[in-house]
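>>> when you get a sec, could you give me coordinates for this:
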Amino acid sequence: MSLLPVTVYGDSILRETAKSISSVDDELIKNIQDMFETMRNANGIGLAANQVGLNKKMFIIDLKGVDGYDDFKPLVVINPKIVGYSDDLVTMEEGCLSLPDIRANVERSEFIKIKYLDTDEEVQEFEAESWLARVILHEYDHLIGKMIPDRVEPRIKQNLQSDLIRIMKRDIETDYQITERG
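Coordinates of the predicted model:
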């Protein structure tokens, strides 16, 4: 397994719509293993493929370190589709490995229903709520080219501008490897 550099705000791949995955092969399994190693090394709980430079419609989640999720089994989500949202919205603070040191309140649905492929190429569908729903929606956003600044009020986004510019210039320090300024 290998640690991969994390793409950060300003990297164009984060604004692209990820491409569907046609099959699960050895290369994809290695990508998944590398993504888990990279995410855990950076103390993350979710990571989309484009956050490590892979234009693939896939993300991983591991909530084991979150209170109440001690028995959580790591999740690999391929070609996801959100097939249901609740009208109940909750605002909570979020962070992102691609936005080092930035945290902002984001409003998201409390409950969702997701359909996706697992690594055996089997269709899976389940409902998620609370923190798991939020993490799924956050990672799904990456796959459609959206990030936290796109989900906050304009005044909050304006307040984040200087931090976003620092990230784009790589004028930041992280405990994990990020992409070179490009």
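>>> can you show me the strands along this structure?
46-48, 58-61, 75-85, 89-95, 103-109, 111-117, 123-129 (DSSP state E).
>>> list the buried residues in the shortest one.
The reference is to strand 46-48. Going by neighbour count (16 or more other C-beta atoms under 10 Å), the buried part of strand 46-48 is 46-48. Glycine gets a C-beta too; all of them are placed from N, C-alpha and C.
>>> may I have the strands that pair with it, each with its orientation?
strand 58-61 (antiparallel) (DSSP bridges).
>>> output the partner strand as PDB, nothing but the C-alphas.
Output of strand 58-61 as PDB, limited to C-alpha atoms (Å, rounded to 0.1, in the frame of the first residue of the first chain):
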ATOM      1  CA  MET A  58     -15.900   6.200  -5.700                       C
ATOM      2  CA  PHE A  59     -15.400   7.100  -2.100                       C
ATOM      3  CA  ILE A  60     -14.500   5.300   1.200                       C
ATOM      4  CA  ILE A  61     -15.700   5.900   4.700                       C
END
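>>> start the count at 732, not 1, going forward
Got it, the first residue is 732 from now on, which makes the last one we talked about strand 789-792.
>>> average pLDDT across it?
The pLDDT scores in strand 789-792 average 98.
>>> what of stretch 890-897?
Rounded mean pLDDT across stretch 890-897 is 96.
>>> contacts for that stretch?
740-741, 830, 832-833, 835, 880, 883, 903 (C-beta atoms under 8 Å, 6 or more residues apart in numbering).
>>> how about stretch 789-796?
749, 752, 759, 762-763, 766-767, 770-771, 774, 776-780, 800-801, 803, 805-811, 862-863, 866-867, 870-871, 873-874.
>>> in ChimeraX, select just the buried ones from these.
A single ChimeraX command selects the buried members of the contacts of stretch 789-796 (16+ other C-beta under 10 Å):
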select :749,752,759,762,763,766,767,770,771,776,777,778,779,780,800,803,806,807,808,809,810,811,862,863,866,867,870,871,873,874
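>>> much appreciated, bye for now.
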